[in-house]
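>>> Got a predicted structure here, sequence first:
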Amino acid sequence: MSHRPEALDELTNSTIRSGNSIRFLPSGAESFEVRWRLLDEAKHSIHIATFSMMKDETTERMEKVLHQKLKEGVEVRIILDEIVNRTTFAGPMIKRLRDAGAYVHGYNGLFEEWLPFPKHTGPLKHVMQGIKLKLKRHYHEKYMVVDGTEVVLGGINWGDKYAYGGVKSFAWRDTDVYLRGPVVHDIQMQFLKDFTRYKEWDQRTASQAMTYPEFVKLQTPPDLTKLAQQYAPHLPEQANAGSVDVRYVAHKPYDDNDLPLTHAFLTLIKNAEKSIYWGCHGIRPPRIVAEYLADAVARGVEVHLITNSQYSSQSLMVKGLLGWMYKECTKHYRGLLESGVKIYEWQLEGAFHSKNFLVDEQIASVGSYNIARGSTYHHSESNIFVYDDEFAQQVKQQFDDDITHCKLVNLDQIAPRLPKEDAYSRPLHERDLMIRKEMVPEGIQKELDQGTYKRILT
């Protein structure tokens, strides 16, 4: 086996935890069965990290449960993406929860960071940078920790189109996992670390205008020992709950100025020997990821990517942002297909939204990270990596099942319909500079050294 699990320790600032139990939840129906039970049984705390909450029956039920738990004295804390939840009209529900005593932090607030205009840029450049950042920087994580002992984590948000997965045709195909054991401590600690950071951001910006990058530079990294003491009731000792080895990785490009999940996936792709299976609602890998996948194929590795078809992408947000999502994906098709990557398009009505990853049928990852520039460089994400043969086979079986609902893309057949623009003819991005230099292919590094890349913050 060429995959050395400990190789990711330093790259991701994480540790493999032994003694966990894990349950694979490859549908919204299975995930929400666990979620409702955990919420009903919560005694001390409910901590929710989510990209979005819809305005529908599922979130109405969630709100009722959370209000009841607040009355019982259970602490409720929620971190979500502020801008995205404006588009789902969840604002009134969020306000009601706040008024009832829940702490809700909206990451990347729409009205934050605009004033004052920095002296070194000027108003127009500052506004343009702000618009770009608001569009690119998102809190994309999806997990829930209950009483500090149980976790549901994956790619599923809160809403009917997620909760009815596997039951109703309009619902999406997605994945979560249910975890107990020592790895829960790492996930709970990350939530508390984020909570502390974002609370400080709220307090600072209440009296002093600044941008989030400026705040990150000023902030002292939290003392984890003191943090653990402060939140000791939320961090109970985690007894072994099973025999599965699990690593949790938090990906915070703007909070930590690092890309741990990107480095992890590049490393696993580089060391792949037989096969890679990877899913995403819209495959748009940046050039460095595409080159790693192409190199894997050249070594004899089978690379299988699942994404949405033009038909199924219509069930994504606002009909796939009026067709842009699918069109943008197909701008990446030619380069990937010509390199030998196999692309499968989902054919069912409800969108494919699962982000599972499997390498050599040995190491599986489940979480919120997409095969796209957003996750690579910009979005806050949470994933686990599982080192267990039985779990790997469950993930492989799900990929096999998913592929039966897909159509393999043939380059000769689709070529006449592909957009003229090839995504890989675009210039590189300044965020490529965040990739560890030893991991950057020679051609890309040469372009970066020459300064031929797009800029946002510089």
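Good, I have the coordinates.

>>> so Leu259 makes contact with His378?
No. Applying CB atoms under 8 Å as the test, Leu259 and His378 come out as separate, 9.7 Å apart. C-beta: built from backbone N, CA, C; applies to glycine.

>>> More neighbours: those two, which one.
The neighbour comparison of Leu259 against His378 (other CB atoms under 10 Å) goes to Leu259, with 25 against 21.

>>> so how far is Val440 from that one?
12 Å (CB to CB, to the nearest Å).

>>> follow-up on the earlier one: shared neighbours of Leu259 and His378, anything?
Between them, Leu259 and His378 share these contacting residues under CB atoms under 8 Å, 6 or more residues apart in numbering: Pro253.

>>> give me the number of residues near the closest residue to Val216 other than its chain neighbours?
Setting aside the residues directly before and after it, Val216 is nearest to Asp255 in space (CB to CB, 6 or more residues apart in numbering), at 6.5 Å. Counted by other CB under 10 Å, the residues lying close to Asp255 total 21.

>>> And what about Asp255, helix, strand or coil?
coil (DSSP: H, G, I helix; E, B strand; the rest coil).

>>> Who are the contact partners of it?
194, 197, 216, 380.

>>> shouldn't the last one be in contact with Lys136?
No. At 11.7 Å, Ser380 and Lys136 do not qualify as touching, with contact defined as CB under 8 Å.

>>> When these two are compared, which one has more neighbours?
Ser380 (25 against 17).

>>> Work out the sheet partners of the longest strand belonging to the chain and label each with its direction, please.
Ranked by number of residues, the top strand in the chain under DSSP state E is strand 16-25. Strand pairing for strand 16-25, using DSSP bridges, gives strand 176-180 (antiparallel), strand 244-251 (antiparallel).

>>> Using TSV, lay out these together with distance to Ile371 and mean neighbour count.
Compiled in TSV, the strands paired with strand 16-25 are given as follows (distance: least, CB to CB, whole Å; neighbours: other CB atoms under 10 Å):
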stretch	distance to Ile371	mean neighbour count
strand 176-180	19	25
strand 244-251	14	24
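
>>> so can I have a markdown table of these showing mean pLDDT and distance to Asn271?
Below are these laid out as a markdown table (pLDDT from 0 to 100; distance: least, CB to CB, whole Å):
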| stretch | mean pLDDT | distance to Asn271 |
| --- | --- | --- |
| strand 176-180 | 99 | 23 |
| strand 244-251 | 99 | 15 |
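
>>> could those be laid out in a markdown table, adding distance to Asn370?
Shown next, in a markdown table, are the strands paired with strand 16-25 (distance: least, CB to CB, whole Å):
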| stretch | distance to Asn370 |
| --- | --- |
| strand 176-180 | 16 |
| strand 244-251 | 11 |
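
>>> Go through those and name the closest to Val318.
strand 176-180 (24.5 Å; CB to CB).

>>> Which SSE is immediately downstream of the closest one?
Next along the chain after strand 176-180, taking DSSP states H and E as the criterion, comes helix 183-207.

>>> from the chain's centre, how far out does the longest strand of the chain sit?
19 Å (CA atoms, centre = their mean, to the nearest Å).

>>> Next, the residues that contact it from outside, please.
Here strand 16-25 has contacts from 5-6, 9, 31, 34, 152, 154, 175-186, 239-248, 366, 386-388, 391, 394-395, 398, using CB under 8 Å, 6+ apart.

>>> My read is that Leu115 contacts Ala209, right?
Yes. Look at Leu115 against Ala209 with CB under 8 Å: they come within range, at 5.2 Å.

>>> pLDDT score for the residue lying closest to Ala90 once chain neighbours are set aside?
Leaving aside its sequence neighbours, Ala90 sits nearest to Met53 (CB to CB, 6+ apart; 4.5 Å). Met53 is assigned a pLDDT of 97 by the prediction.

>>> so what's Met53 up against?
59, 62, 80, 85, 88, 90, 93-94, 157-159.

>>> do Ile414 as well
330, 333.

>>> thinking again about what came up before, just the ones of the contacts of Met53 in strands?
Those of the contacts of Met53 lying in strands (DSSP E): Leu80.

>>> sorry, back to before: Provide a PyMOL selection command restricted to the buried entries of the contacts of Asp255.
Only the buried entries of those go into this PyMOL selection, using 16 or more other CB atoms under 10 Å:
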select buried, resi 194+197+380
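
>>> ok, the contacts of Asp255 vs Val303, which is closest?
Of all the contacts of Asp255, Val303 sits closest to Ser380, with 26.7 Å by CB to CB.

>>> Got phi/psi on the residue nearest to that closest one when sequence neighbours are not counted?
Closest residue to Ser380 apart from its sequence neighbours, by CB to CB, 6+ apart: Tyr139 at 4.8 Å. Main-chain torsions, Tyr139, degrees, to the nearest 10: phi -90, psi 100.

>>> ok, now Trp324?
The phi/psi pair for Trp324 (degrees, to the nearest 10) is phi -60, psi -40.
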